[in-house]
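Participant: what follows is a predicted structure for the sequence shown.
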2 protein chains.
Amino acid sequence: MNRDSASGSYSITDLSREFAVTPRTLRFYEEKGLLNPKRSGKNRIYSAGDRTRLRLILRGRQLGLSLEESAEVIGLYAPGTPNHEQLHLLLQKIEEKRQQLVSQREALDAMLGDLDRWQTNFEAALKAPIANHQWRQKV
Amino acid sequence: MNRDSASGSYSITDLSREFAVTPRTLRFYEEKGLLNPKRSGKNRIYSAGDRTRLRLILRGRQLGLSLEESAEVIGLYAPGTPNHEQLHLLLQKIEEKRQQLVSQREALDAMLGDLDRWQTNFEAALKAPIANHQWRQKV
DNA sequence: ACAAGGCTTTACGTTTACGTAAAGAATAAA
DNA sequence: TTTATTCTTTACGTAAACGTAAAGCCTTGT
């Protein structure tokens, strides 16, 4: 069963190829309740909506969301029309992640600061008299 | 055995409290070769250097480095005086992580874009004639 | 003398996000 | 009809980063 983007239905390999994930990943997401493709006999048929949900999941992943967190977000999409409370929760989730990114950037800055100071010492050591080779001694 | 920051030696609970991690975590890091405290009998005695290394590890963690990646970075610190190649590798590591942060921010932007469009539809749906309650139907 | 802490090692348990067979049904191609 | 694909379900395996006992050694305070 192959691509049929016109009617917006996809096989499991269609989607897995398009998004560069394995079929196993799609089945896993389904197992966790993040996807719910129709069936043609036993075979999974993914709709355009499923495809959109998958995109959201993978975005979440890239963002550093856990699948459970993504599930919350997807839960908002699922009904077709979310409510304000859900939307609020989602924005809150996003805000959390933004804060996390900020925190990570701070860690980065701090680390770079450490490294600067370290490098300074390092270079100072290099400029020290060559006669004193202690710094190469036995590690 | 308690804090003795003057001589720069710490017990396992000293450090675990200071950095808000469990003793288990410190033992685990040691098991993984990231720390190498001296012993007083069987008991671990952490030096100022160990403390610095721990700080670097936790910074790396906050940054999203795996322990293995941190181990590389720590490896640079360990000898007391790194060389240029090692330093280069480290900066490269940092650059990788920076790129990753950029990628994450892009994901964030994309997601926010999706949500904007979604919300637009959402609001459009809300503004639709109330008579048509289909959007609340059975979910 | 003895309980209370603090430390040790050993070792199995836990979560997340899949990977990796294994075995079989169904369909398509030669 | 035999072979090859593509799909299915079931189920055990894996890596990371610790958590969580269990059992025992040492050193204080009472």
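Facilitator: That came through, no problem. Residues are numbered from 1 along each chain as shown, chains lettered A, B, ... in the order given.

Participant: can you pull out the helices in chain A?
Facilitator: Here chain A has its helices, by DSSP state H, at A:12-18, A:23-31, A:48-63, A:67-77, A:84-127.

Participant: looking at these, which is buried most?
Facilitator: helix A:48-63 (a mean of 19; mean count of other C-beta atoms under 10 Å in any protein chain shown). In this view, the C-beta of every residue, glycine as well, is placed from N, C-alpha and C.

Participant: picking that back up, nearest to B:Arg39, out of the helices of chain A?
Facilitator: helix A:84-127 (27.3 Å; C-beta to C-beta).

Participant: re the thing from before, so can I have JSON lines of the helices of chain A showing distance to DNA strand D?
Facilitator: Below are those laid out as JSON lines (distance: least, C-beta to the nearest atom of the strand, whole Å):
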{"stretch": "helix A:12-18", "distance to DNA strand D": "3"}
{"stretch": "helix A:23-31", "distance to DNA strand D": "6"}
{"stretch": "helix A:48-63", "distance to DNA strand D": "12"}
{"stretch": "helix A:67-77", "distance to DNA strand D": "13"}
{"stretch": "helix A:84-127", "distance to DNA strand D": "14"}
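
Participant: in TSV, list the ones you listed along with mean pLDDT.
Facilitator: As requested, those are exported to TSV (pLDDT from 0 to 100):
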stretch	mean pLDDT
helix A:12-18	96
helix A:23-31	97
helix A:48-63	90
helix A:67-77	80
helix A:84-127	68
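
Participant: and B:Leu91, which of these is closest to it?
Facilitator: Nearest of the helices of chain A (C-beta to C-beta): helix A:84-127, 8.0 Å.

Participant: just to revisit the earlier point, how about the helices of chain A in JSON lines, adding distance to B:Ala20?
Facilitator: Formatted as JSON lines, the helices of chain A follow (distance: least, C-beta to C-beta, whole Å):
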{"stretch": "helix A:12-18", "distance to B:Ala20": "41"}
{"stretch": "helix A:23-31", "distance to B:Ala20": "34"}
{"stretch": "helix A:48-63", "distance to B:Ala20": "26"}
{"stretch": "helix A:67-77", "distance to B:Ala20": "23"}
{"stretch": "helix A:84-127", "distance to B:Ala20": "15"}
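
Participant: any chance of those in TSV, with distance to chain B too?
Facilitator: Formatted as TSV, the helices of chain A follow (distance: least, C-beta to the nearest C-beta, whole Å):
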stretch	distance to chain B
helix A:12-18	16
helix A:23-31	17
helix A:48-63	4
helix A:67-77	7
helix A:84-127	4
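
Participant: the strand ranked longest in chain A and DNA strand C, any residue contact?
Facilitator: The single longest strand within chain A, with elements called by DSSP state E, is strand A:43-47. No. Residues of strand A:43-47 contacting DNA strand C under C-beta under 7 Å from any atom of the strand: none, with a closest distance of 8.3 Å.

Participant: for that strand, name the packing helices and strands.
Facilitator: Applying 3 or more C-beta pairs under 8 Å, 6 or more residues apart in numbering or on different chains; DSSP states H and E, one finds that strand A:43-47 contacts strand A:9-10, helix A:12-18, helix A:23-31, strand A:38-40.
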